[in-house]
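Engineer: sequence first, then the predicted structure, then my questions.
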Amino acid sequence: MVSQEQRRRQLAREKFLRQQQRRTESRRKARVRNSAIASVLGVIVIGSVALYTTHVLGGDDKKTDAGAKTKPSASAQPSKAPDPCQKPAAGSVKKLSWKKEPAMSIDTSAKYTLDLSTTCGDIPIALKASAAPHTVNSFDFLAGKGFFDHTKCHRLTTQGIYVLQCGDPQGTGMGGPGYTLPDENLKDAALKKNTYPAGTVAMANTGQKHTGGSQFFLVYKDSPLPPQYTPFGTISASGMKVLDKIAAAGESTGQGDGAPNATVVINKATVAKS
């Protein structure tokens, strides 16, 4: 017969064993839970590193006159300054394309002016007909066809280089007139120490030789660039004030390269001989 003391000890041992089993099971569950948490954290860390690398190193497939474009997360989107420009004039972009560069029709000894009547103000540009005849002739041709009318200036850079890019009928950085132009005037005296000075108007290209089309950029602040982009015009003082207003409004990504916050549309482009 089991004595009271023996029974008490047996019950104590059973209680101890149950406690040990519960503790063992609790530790096992904790290990499983911690392992799962560690796996999730690992995925988050790896994903964060991948995302950071993409933002820092990623860029466009199509190379143009400026650096890579990136898109931050929604939480990183900067607040926009008020739009300093007016609403675009009524009308739409013409869908025009040609297979060949237009025949030479300008007088290379004469003076020509390109006037960009934009939603942000007029930007008069003195063209370099003798130094960049193919480019100026093309602009005279395209402006006469209304090619630039109602097109957006789709790109503004505010870090590293300081340009407003226009001339794309698609507004994406991928459009053009269907033909390409030869590089010209790359030894212009104004291009010193791999710098395009403020006030320069030059052709954008794909990074390869002789790939200019209709896209061009207006330099509103001295910009370090290799002499690979045809300089074909100089912006007037009044035009520079318009550019400064556009630049002050910033660009859409907050990273120095994106669509301008200002609504920059070329209502009408006109080339005049004087």
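Structural biologist: Good, I have the coordinates. Here the structure is a predicted model, which is why all the values come from computation and not from measurement. Residues are numbered from 1 along each chain as shown.
Engineer: could you use CA atoms for every contact and neighbour count after this?
Structural biologist: Noted.
Engineer: low pLDDT regions in the stretch 51-200 of the chain?
Structural biologist: The model of the stretch 51-200 of the chain has pLDDT under 70 over residues 51-80.
Engineer: what segments of it are strands?
Structural biologist: Taking DSSP state E, counting those that start in this stretch, the strands of the stretch 51-200 of the chain run over residues 112-118, 121-127, 151-152, 155-157, 163-166, 195-196, 200-203.
Engineer: would you reformat the ones you listed as JSON lines and include distance to residue 82 and mean neighbour count?
Structural biologist: Output for the strands of the stretch 51-200 of the chain, formatted as JSON lines (distance: least, CA to CA, whole Å; neighbours: other CA atoms under 10 Å):
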{"stretch": "strand 112-118", "distance to residue 82": "17", "mean neighbour count": "22"}
{"stretch": "strand 121-127", "distance to residue 82": "16", "mean neighbour count": "22"}
{"stretch": "strand 151-152", "distance to residue 82": "18", "mean neighbour count": "25"}
{"stretch": "strand 155-157", "distance to residue 82": "16", "mean neighbour count": "25"}
{"stretch": "strand 163-166", "distance to residue 82": "18", "mean neighbour count": "27"}
{"stretch": "strand 195-196", "distance to residue 82": "29", "mean neighbour count": "21"}
{"stretch": "strand 200-203", "distance to residue 82": "26", "mean neighbour count": "25"}
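Engineer: now the ones you listed as a markdown table including distance to residue 89?
Structural biologist: Below are the strands of the stretch 51-200 of the chain laid out as a markdown table (distance: least, CA to CA, whole Å):
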| stretch | distance to residue 89 |
| --- | --- |
| strand 112-118 | 9 |
| strand 121-127 | 12 |
| strand 151-152 | 11 |
| strand 155-157 | 20 |
| strand 163-166 | 17 |
| strand 195-196 | 32 |
| strand 200-203 | 24 |
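Engineer: and residue 257, which of those is closest to it?
Structural biologist: For the strands of the stretch 51-200 of the chain, the distance to residue 257 is smallest for strand 155-157, at 4.4 Å, taking CA to CA.
Engineer: that closest one pairs with which strands, parallel or anti?
Structural biologist: When sheet partners are counted by DSSP bridges, strand 155-157 sits next to strand 163-166 (antiparallel), strand 257-258 (antiparallel).
Engineer: give me the residues contacting stretch 87-102.
Structural biologist: The contact list for stretch 87-102 (CA atoms under 8 Å, 6 or more residues apart in numbering) reads 119, 137-138, 141, 146-151, 169, 176-181, 263, 265, 267.
Engineer: give the closest residue to residue 158 in space, chain neighbours not counted.
Structural biologist: Nearest residue to residue 158, sequence neighbours excluded (CA to CA, 6 or more residues apart in numbering): residue 256, at 4.6 Å.
Engineer: surely that neighbour touches residue 155?
Structural biologist: No: proximity of residue 256 to residue 155 does not meet the contact threshold set by CA atoms under 8 Å, at 10.2 Å.
Engineer: could you export the strands paired with strand 155-157 as JSON lines, including distance to residue 98?
Structural biologist: Shown next, in JSON lines, are these (distance: least, CA to CA, whole Å):
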{"stretch": "strand 163-166", "distance to residue 98": "19"}
{"stretch": "strand 257-258", "distance to residue 98": "29"}
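Engineer: of all the ones you listed, which one is nearest residue 247?
Structural biologist: Using CA to CA, the nearest of the strands paired with strand 155-157 to residue 247 is strand 163-166, at 8.0 Å.
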